[in-house]
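> take this sequence and fold it.
(one chain, ligands or ions: 1)
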Amino acid sequence: MVEKKNKPNICPMCGDEDIDYLDADWQDGLFFYKCVCRQCGAEFTEVYRLEYDGYNMPDENDEEHIFDVDGNEL
Ligand SMILES: [Zn+2]
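As a prediction, this is how the structure comes out:
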């Protein structure tokens with residue numbers, strides 16, 4: 001029995017960190033990242049919870065401004 005890993009950027013089969021990231025998709029506030037382990041060839045999907053972290057908005061000069069969740073420009 002192979003020890004299961006449950007961390008990002010680590011293969012859940014063999015525990016290696018040599019991961020290829022493929023397609024990404026999101027649904028219902030979750031972000032799904034398809035992965036393939038380069039060591040053992042395992043295919044799996046990492047799931048991340050999306051969290052609002054502010055917004056970007058260009059001004060009249062088309063320069064981008066980034067605001068955090070409190071509306072402060074970064
Ligand atoms: Zn692996």
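> just the strands in the chain please.
Here the chain has its strands, by DSSP state E, at 19-27, 30-37, 43-49, 55-58, 64-67.
> JSON lines for those, including mean pLDDT, distance to residue 12 and mean neighbour count?
Quick note: C-beta positions are derived from backbone N, CA and C, even for glycine. Below are the strands of the chain laid out as JSON lines (pLDDT from 0 to 100; distance: least, CB to CB, whole Å; neighbours: other CB atoms under 10 Å):
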{"stretch": "strand 19-27", "mean pLDDT": "95", "distance to residue 12": "10", "mean neighbour count": "11"}
{"stretch": "strand 30-37", "mean pLDDT": "96", "distance to residue 12": "9", "mean neighbour count": "16"}
{"stretch": "strand 43-49", "mean pLDDT": "95", "distance to residue 12": "6", "mean neighbour count": "12"}
{"stretch": "strand 55-58", "mean pLDDT": "92", "distance to residue 12": "34", "mean neighbour count": "10"}
{"stretch": "strand 64-67", "mean pLDDT": "92", "distance to residue 12": "34", "mean neighbour count": "11"}
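> of the ones you listed, which approaches the ion most closely?
Among those, strand 30-37 comes nearest to the ion, with 3.0 Å by CB to the ion.
> quick one on the thing from earlier: could you dump the strands of the chain to TSV with distance to the ion?
Shown next, in TSV, are these (distance: least, CB to the ion, whole Å):
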stretch	distance to the ion
strand 19-27	8
strand 30-37	3
strand 43-49	9
strand 55-58	36
strand 64-67	37
